[in-house]
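In: have a look; sequence and predicted model below, questions after that.
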Amino acid sequence: MLISMSSISAQETTDSIPMTPSTLREAMSQFATGVIVLSVGGEHVHGMTANAFSSVSLDPPTVLCCVSHNAVMHKVMLASRRFGISVLGAEQESLARHFADKNRPLGPAQFSGLDWRPGPITQAPLLHGAIAWLECELSDHYDSNDHSIFVGEVVNSDRSPNASGLLFFNGGFQHVRPTNKRQSADG
């Protein structure tokens, strides 16, 4: 049996799909991400909810996060050059919303009434109840249009055992439950 396939050029495809910020946001909403609070301590205390975060390398341990040039966090990350990451648990949606609220108080007041501890190395606020924590030293940053990609070397980390995570998917918060660790192939 002979199957005929029509050839569509990349230009024809691009011409038929108008690329706008909202179409990209719609497409990316289908990519589930974890939710973190990025924080800086010391004289530039600040926190911000983010989901543009990823592991880069295990050796040396490196992560990245993306921050808008217009965000307060952008300026304080460059000034401090150290930051903390609290990976939020399933029960911490209210914290995600708090640190995403542009009307919250700034500086130390945004952490008032919250349960947190300063990271032992960076002094960045690390939130109680998170499912993992990382402390990082800024090793590089790259400008990309209206955001910067901040790369940090992980200098300290810890995690909670058997905790459920908070995800962002399809424009809303979702929960993921831990599963039993898979047995090795040798079994």
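Out: Everything's here; your move.
In: what bits of the chain have low per-residue confidence?
Out: Applying pLDDT under 70 to the chain picks out residues 1-17, 28-31, 180-187.
In: ranges for the helices of it?
Out: Using DSSP state H, the helices assigned to the chain run over residues 10-16, 21-28, 72-80, 93-100.
In: closest one to V151 among these?
Out: helix 72-80 (11.0 Å; C-beta to C-beta). C-beta: built from backbone N, CA, C; applies to glycine.
In: tilt between the closest one and helix 93-100?
Out: Here the directions of helix 72-80 and helix 93-100 differ by 80 degrees (axes from the mean of the first three to the mean of the last three C-alpha atoms, to 10 degrees).
In: other SSEs contacting helix 72-80?
Out: Counting contacts by 3 or more C-beta pairs under 8 Å, 6 or more residues apart in numbering; DSSP states H and E, helix 72-80 packs against strand 36-40, strand 46-50, strand 61-68, strand 132-144, strand 147-159.
In: again, only using 7 Å
Out: Applying 3 or more C-beta pairs under 7 Å, 6 or more residues apart in numbering; DSSP states H and E, one finds that helix 72-80 contacts strand 36-40, strand 46-50, strand 61-68.
In: contacting residues around that helix?
Out: The contact list for helix 72-80, computed with C-beta atoms under 7 Å, 6 or more residues apart in numbering, reads 38, 40, 42, 44, 46, 48, 67-68, 83, 106, 138, 148, 150.
In: export these to a markdown table and tack on distance to R117?
Out: Listed next are the contacts of helix 72-80 as a markdown table, based on distance: C-beta to C-beta, whole Å:
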| residue | distance to R117 |
| --- | --- |
| L38 | 16 |
| V40 | 15 |
| G42 | 15 |
| H44 | 18 |
| H46 | 16 |
| M48 | 18 |
| V67 | 23 |
| S68 | 27 |
| F83 | 15 |
| L106 | 20 |
| L138 | 21 |
| S148 | 27 |
| F150 | 23 |
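In: out of those residues, which one sits closest to P18?
Out: S68 (23.5 Å).
In: which ones are touching the residue nearest to that closest one when sequence neighbours are not counted?
Out: Spatial nearest neighbour of S68, excluding adjacent residues (C-beta to C-beta, 6 or more residues apart in numbering): H147 at 5.4 Å. Each residue near H147 by C-beta under 7 Å, 6+ apart is listed here: C66, V67, S68, H69.
In: neighbours of the third one, how many?
Out: S68 is surrounded by 15 other residues when neighbours are defined as other C-beta atoms under 10 Å.
In: distance of it from G107?
Out: Per C-beta to C-beta, to the nearest Å, S68 is found 19 Å from G107.
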